[in-house]
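Asks: The sequence and its predicted three-dimensional model are supplied below.
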Amino acid sequence: MKTYIEEKTFERINFSENALAKGDYENCTFSNCVFLKTNLSSINFSECEFEGCDLSLAKLTNTSFKDVKFKNCKLLGLRFDDCNKFLLSFYFENCVLNLSSFYNLKLRNTRFNDCKLEEVDFVETDLTNSLFKNCNLNKAVFGSTVLEHSDISTSFNFSIDPEANRIRKAKFSLAGIVGLLDKYDIEIH
């Protein structure tokens, strides 16, 4: 029998030592919890919030994240591309997502606010109408990525090839133009 938990707050629990029960979590809050290298496979999170948590290197095979918010979280090396893709939706604020993968996901309208997204895989990801507000995209990989109508104007350290990605109506700052011309190895003064 599957566990169903609704509107519960979990505070300062180390789920690396005591595994989170498999099941459905709806409108739950996880505050300052540790999920480091835990197996979260086949767990469903709907309208949940993770605040100040460490989910680095957690296993996400068939994990459902529906309208889930991550704030001040450490999310290193996560394979979001292993998640259940049905109704997958996130919001990230002040998170470290370095070395994570969103490969081939449909993540329209996703918000990344003040995040570190270094060496993140966005290849073949649909990020239409997404917001990258003040994000560090150093060595993030974009290829066949859909960034149409997205706002990257306040982000930095990105390298996006306009010929290898769909960027129609995307917003970039004048300073960010350099990240669109990287492949040409030219000097801009």
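Replies: Arrived safely. Residues are numbered from 1 along each chain as shown.

Asks: I'd assumed residue 160 was in contact with residue 167.
Replies: Yes. Using C-beta atoms under 8 Å, residue 167 is in contact with residue 160, at 6.8 Å. Heads up, the C-betas are built off the backbone N, CA and C, glycines and all.

Asks: Counting neighbours, go ahead and name the busier of those two.
Replies: residue 160 (24 against 21; other C-beta atoms under 10 Å).

Asks: Now do the contacts for the nearest residue to that one once chain neighbours are set aside.
Replies: Excluding the flanking residues, the one nearest residue 160 by C-beta to C-beta, 6 or more residues apart in numbering is residue 142, at 4.8 Å. Neighbouring residues of residue 142 by C-beta atoms under 8 Å, 6 or more residues apart in numbering: 122, 123, 158, 159, 160, 161, 164, 165.

Asks: Show me where this protein has its helices.
Replies: Taking DSSP state H as the test, the helices found in the chain are 177-181.

Asks: Output the lowest mean pLDDT helix or strand found in the protein.
Replies: helix 177-181 (a mean of 87; mean pLDDT, DSSP states H and E).

Asks: Tell me how far that helix lies from the chain's centre.
Replies: Centre-to-centre, helix 177-181 and its host chain are 23 Å apart (C-alpha atoms, centre = their mean, to the nearest Å).

Asks: Now do the buried residues in that helix.
Replies: Buried residues in helix 177-181, counted by 16 or more other C-beta atoms under 10 Å: 178, 179, 180.

Asks: out of the residues you listed, who's nearest residue 55?
Replies: Nearest to residue 55 among those: residue 179, at 28.4 Å, using C-beta to C-beta.
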